[in-house]
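**Student:** Return a 3D structure for these sequence lines:
(chains A and B, ligands or ions: 1)
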Amino acid sequence: MNVKNIRQDFPILKRKVNGKRLVYLDSTATSQKPKQVIEAITDFYETYNANVHRGIHKLSEEATEHYESSRKKIAAFISARPDEIVFTRNATESINLVANSLDWKKGDEIVTTIMEHHSNIVPWLELKDQGMKVKFVDINDDGTLKMEQFGKLITKNTKLVAVTGCSNVLGTINPLAEISKIAHDNKSLLLIDAAQSAAHTKLDVAAINADFVAFSGHKMLAPTGIGALFAKKSLLEKMKPFMKGGDMIKEVTTESATWNDVPYKFEAGTPNVAGAIGFGAAIDYINRIGIDSIRQHEKELIGYALKLAEKEKKMTFYGTKHIEERAGILTFNFENIHGHDVATILDQEGIAIRSGHLCAQPLMSRLSINSACRASFYLYTTEEEIDILFDAFKNVRKVFRID
Amino acid sequence: MIEIYQENILDHYKNPRNKGELKNANIRQKESNPLCGDVLEYQLLVKKGVIEEIRFIGSGCAISLAAASMLTEKVKGKKIEEIKNLSKEEIYGMLGIPLTPSRVKCALLCLKAIKVAAYSYLHEKMDEETF
Ligand SMILES: Cc1ncc(COP(=O)(O)O)c(C=O)c1O
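**Tutor:** Numbers count the residues shown, from 1 in each chain, chains lettered A, B, ... in the order given. Take a look at the predicted model:
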């Protein structure tokens, strides 16, 4: 993998921030976009912009073909079938779709984990009003899941186990195959929040036997506003649509409507056609580089960063040091310094990191902190950028007089 | 080196004025910035409409805590009525540093807390203001 060449594909990386070359270490929030993706979107608008599934004319046929071809690419990327991929806005919407469309009954239980992003917690908490119960698997001190707790928390009432592929705070890569076995041995369904993992590690839904997988395009080189839900076809067929309107119907009278086939039943209204086309181009890009090469690159980067971290005093670095179970996410705090203050000082050097509660307040409480700083890596990140980050820590120490 | 972390800000951050519990307070007002994880509570002793004592407890970034500390000095001895007219500009002036849009919220948490406290003490409704 040639990172130097890859960087040439990302126009934004040439940008200057506060007079310094941009060091973008916030790919966990959203990734940057290669020109191949930007061009695919421009090409759509410039040469075949039309609504999909609606027209007989040439442009509509072309738009539909590209839109559906993106669905096929996404399906192949995770070893699924195209009719098991529903386009959504993002991972959050995908999870909400499942929360709204499954046939819940009073007393059903959901087992999730304390390391989840709010989008894999709040939709389940909402179900509590209807008599459902939500339980949380805890973490070990090194930020890995307490695997033994799944067996204890899962009961015959557990309808769904909802777990993230990778923690957006700790960087823990969870043992999905193992969790899947525990869930299915108990006849529970498994939902994987792959928002943070799909772009970085190989996901084979068939091998893992996942029932639902939620992910966002924007975290994997695609534009914002497009995401996907994978669901087993048998489940999609049984689920009721979450939104209603055009495109999702077969036949409408003044009395009633019948639903379209899956996955269209879940895609009401004009979809984000440009976004889907960009998503397809993003998958092409990742495939060209190879997801395994990306993972290898990030493993090297996190290993490098963790080594530098060992030398830092009066700082806490969260998460496991075992890089096989660790994504390219480095979350840390300076003793008694708020994350925003660190982020402001780093911003002066053109370094973009995330700070705050990182959309994981239950995890923050579990770690007994209010906020944290997070630097995250992707295929375009270099060791040199990690050096720049650690070098800039000196400025934080200088301003706040930490020795 | 970095304009926003000037000496007075760091001084108030490291040596906060009027920090801690005020046991005989007759107003307590807690506000938070969920996105930042910042929390601030003002405790005031108001007698005959005048702020005799004010203390704060809380946690947050240097900007929000320095502002909280500075504001205690600014409002002590003032009439609670006057708090209603306290403006954002006065807070910016008090801090005297350039604030980027994302840091404005940090600076204004103290203003929100003191205003909500004043209005609730006076049993008056506060205008819809965005902080
Ligand atoms: C683990 C995880 N799940 C879900 C999400 C939500 O993604 P989106 O905001 O694109 O829906 C994120 C985004 O930060 C995430 O990191």
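**Student:** okay, and for chain B, where does confidence drop off?
**Tutor:** Chain B contains residues with pLDDT under 70 at B:1, B:128-131.
**Student:** got the residue ranges for the strands in the stretch 51-200 of chain A?
**Tutor:** Assigned by DSSP state E, counting those that start in this stretch, the stretch 51-200 of chain A shows strands spanning A:85-88, A:109-113, A:133-137, A:158-164, A:189-193.
**Student:** looking at those strands, which is closest to chain B?
**Tutor:** strand A:133-137 (19.8 Å; Cβ to the nearest Cβ). C-betas here are computed from N, CA, C, even on glycine.
**Student:** Identify the residues contacting A:Val98.
**Tutor:** A:123, A:160, A:191, A:212, A:214, A:229, A:231 (Cβ atoms under 8 Å, 6 or more residues apart in numbering or on different chains).
**Student:** go with 6 Å
**Tutor:** By Cβ atoms under 6 Å, 6 or more residues apart in numbering or on different chains, the contact list for A:Val98 reads A:Phe212.
**Student:** ok, which stretches of chain A are helices?
**Tutor:** Here chain A has its helices, by DSSP state H, at A:3-8, A:35-43, A:58-77, A:91-101, A:122-126, A:148-153, A:176-185, A:205-208, A:233-238, A:273-289, A:291-310, A:339-347, A:361-366, A:383-400.
**Student:** quick one: contacts of the fifth one?
**Tutor:** It stands for helix A:122-126. Residues beyond helix A:122-126 that count as contacts (Cβ under 6 Å, 6+ apart) turn out to be A:95-96, A:99, A:110, A:134.
**Student:** Tell me what the spatially closest residue to A:Ala198 that is not a sequence neighbour is bridged to.
**Tutor:** Ranked by Cβ to Cβ, 6 or more residues apart in numbering or on different chains and with sequence neighbours excluded, the top spatial neighbour of A:Ala198 is A:Phe215, at 4.2 Å. Per DSSP bridges, the residues bridged to A:Phe215 are A:Ala228.
**Student:** My guess is A:Phe215 contacts A:Ala195. True?
**Tutor:** Yes. Taking Cβ atoms under 6 Å as the definition, A:Phe215 is a contact partner of A:Ala195 at 5.5 Å.
**Student:** Can you give me the distance of A:Ile6 to A:Lys73?
**Tutor:** Distance check for A:Ile6 against A:Lys73: by Cβ to Cβ, to the nearest Å, it reads 20 Å.
**Student:** for A:Ser79, that is, sorry about that
**Tutor:** In terms of Cβ to Cβ, A:Ser79 sits 12 Å off from A:Lys73.
**Student:** More neighbours: those two, which one.
**Tutor:** Each of A:Ser79 and A:Lys73 has its neighbours counted (other Cβ atoms under 10 Å in any protein chain shown); A:Lys73 has more, 20 against 14.
**Student:** Tell me the buried residues in the helix or strand of chain A with the lowest mean pLDDT?
**Tutor:** Lowest on mean pLDDT, DSSP states H and E among the helices and strands of chain A sits strand A:249-252, with a mean of 87. By neighbour count on 16 or more other Cβ atoms under 10 Å in any protein chain shown, the buried set for strand A:249-252 is A:Ile249.
**Student:** before we move on, what about stretch A:5-24?
**Tutor:** So for stretch A:5-24, counting by 16+ other Cβ under 10 Å, buried means A:6-7, A:9-10, A:13, A:22-24.
**Student:** A:Asp138: neighbouring residues, count only.
**Tutor:** A:Asp138, neighbours per other Cβ under 10 Å, totals 12.
**Student:** Surely it and A:Ile114 touch.
**Tutor:** Yes. Here A:Asp138 reaches A:Ile114: they are 5.5 Å apart, a contact under Cβ under 6 Å.
**Student:** Please enumerate the strands of chain B.
**Tutor:** B:27-33, B:38-47, B:50-59 (DSSP state E).
**Student:** Ok, which of the ones you listed comes nearest the ligand?
**Tutor:** With Cβ to the nearest ligand atom as the criterion, the ligand lies closest to strand B:27-33 of the strands of chain B, at 19.3 Å.
**Student:** Report the buried residues of that closest one.
**Tutor:** B:27, B:29, B:31-33.
**Student:** what does chain B have sitting close to chain A?
**Tutor:** Residues of chain B lying near chain A by Cβ under 6 Å from any Cβ of the partner chain: B:2, B:5, B:35-37, B:59-62.
**Student:** and the gap between whichever residue of the stretch 201-350 of chain A sits closest to the ligand and B:Cys106?
**Tutor:** Nearest residue of the stretch 201-350 of chain A to the ligand (Cβ to the nearest ligand atom) works out as A:Ser216 at 3.3 Å. Look at A:Ser216 and B:Cys106: by Cβ to Cβ, they are 28 Å apart.
**Student:** more neighbours, these two?
**Tutor:** Counted by other Cβ under 10 Å, A:Ser216 and B:Cys106 do not tie: A:Ser216 has more neighbours, with 29 against 25.
**Student:** The more buried one against A:Arg89, yeah?
**Tutor:** No. Counting by Cβ under 6 Å, no contact exists between A:Ser216 and A:Arg89, whose distance comes to 8.3 Å.
**Student:** list residues touching both of the two?
**Tutor:** Contacts common to A:Ser216 and A:Arg89, judged by Cβ under 6 Å, 6+ apart, are A:Gly227.
**Student:** What about the residues of chain B next to chain A, which are in helices?
**Tutor:** Among the residues of chain B next to chain A, the members found in helices (DSSP H) are B:Ala62.
**Student:** The residues of chain B next to chain A into CSV, with extra columns for neighbour count and distance to A:Arg366?
**Tutor:** Output for those, formatted as CSV (neighbours: other Cβ atoms under 10 Å in any protein chain shown; distance: Cβ to Cβ, whole Å):
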residue, neighbour count, distance to A:Arg366
B:Ile2, 16, 32
B:Tyr5, 23, 31
B:Leu35, 14, 19
B:Cys36, 24, 19
B:Gly37, 23, 14
B:Ser59, 15, 17
B:Gly60, 26, 20
B:Cys61, 29, 22
B:Ala62, 22, 25
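**Student:** Run a quick neighbour tally on the nearest residue to A:Ser101 once chain neighbours are set aside.
**Tutor:** Setting aside the residues directly before and after it, A:Ser101 is nearest to A:Met239 in space (Cβ to Cβ, 6+ apart), at 4.1 Å. Counted with other Cβ under 10 Å, the neighbours of A:Met239 add up to 19.
**Student:** Could you tell me the model confidence score at A:Met239?
**Tutor:** What the model reports for A:Met239 is a pLDDT of 96.
**Student:** Can you pull the phi/psi pair for it?
**Tutor:** Dihedral angles of A:Met239 (phi, psi; degrees, to the nearest 10) stand at phi -80, psi 150.
**Student:** distance of it from chain B?
**Tutor:** Separation of A:Met239 from chain B (Cβ to the nearest Cβ, to the nearest Å) stands at 33 Å.
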